[in-house]
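Enquirer: model the following, please.
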Amino acid sequence: MCRVIDTVKTRKNIEHLMAERGLTERDIRQRVGFTERRPVCFWLAGKNLPSIDNLLMPAEMMHVSMDDILVRRDEYRQQRSEPEHG
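Expert: Below is the predicted model of the structure:
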């Protein structure tokens with residue numbers, strides 16, 4: 001079994017944390033070092049998640065841990081494995 005990140009809830013959480021701290025998409029983009037808007041826009045649209053490297057800087061900016069940003073799904077998904085033989 002492995003945990004799965006909920007991209008929609010994580011997006012909402014990122015927006016909430018940014019709003020609480022008065023941060024804009026541009027603030028995050030500049031801190032991470034992106035010249036294009038696309039990556040952060042994708043995070044905020046719930047289309048994908050930041051890489052671990054790109055998640056660390058916003059977490060530090062917002063004074064939270066990376067775990068505080070990511071929202072896990074309540075359910076688990078089973079990883080593919082070899083069938084058990086009795």
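Enquirer: can we go C-alpha only for contacts and neighbour counts from here?
Expert: Will do.
Enquirer: from the chain's centre, how far out does stretch 11-28 sit?
Expert: 12 Å (C-alpha atoms, centre = their mean, to the nearest Å).
Enquirer: buried residues in it?
Expert: By neighbour count on 16 or more other C-alpha atoms under 10 Å, the buried set for stretch 11-28 is R11, K12, N13, I14, E15, L17, M18, L23, I28.
Enquirer: and of those, the nearest to V64?
Expert: Checking these against V64 with C-alpha to C-alpha, the nearest one is L17 at 9.0 Å.
Enquirer: all helices of this structure, in order?
Expert: Here the chain has its helices, by DSSP state H, at 7-21, 25-32, 38-45, 52-62, 66-69.
Enquirer: nearest to H63 among the buried residues of stretch 11-28?
Expert: Set against H63, the nearest of the buried residues of stretch 11-28 by C-alpha to C-alpha is L17 (9.7 Å).
Enquirer: ok, and the closest non-adjacent residue to that closest one?
Expert: M62 (7.0 Å; C-alpha to C-alpha, 6 or more residues apart in numbering).
Enquirer: what sits against that neighbour?
Expert: L17, M18, R21 (C-alpha atoms under 8 Å, 6 or more residues apart in numbering).
Enquirer: switch the helices of the chain over to TSV; also include mean pLDDT.
Expert: Supplementary listing: the helices of the chain in TSV, determined by pLDDT from 0 to 100:
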stretch	mean pLDDT
helix 7-21	93
helix 25-32	91
helix 38-45	90
helix 52-62	91
helix 66-69	92
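Enquirer: neighbours of M61, how many?
Expert: Neighbours of M61 under the rule other C-alpha atoms under 10 Å: 15.
Enquirer: if you could redo that for K9, that was the one I meant.
Expert: For K9, using other C-alpha under 10 Å, the count is 16.
Enquirer: give the contact list for the nearest residue to it once chain neighbours are set aside.
Expert: Leaving out its chain neighbours, the residue that sits closest to K9 by C-alpha to C-alpha, 6+ apart is V71, at 6.0 Å. By C-alpha under 8 Å, 6+ apart, the residues touching V71 are I5, D6, T7, K9, T10, N13.
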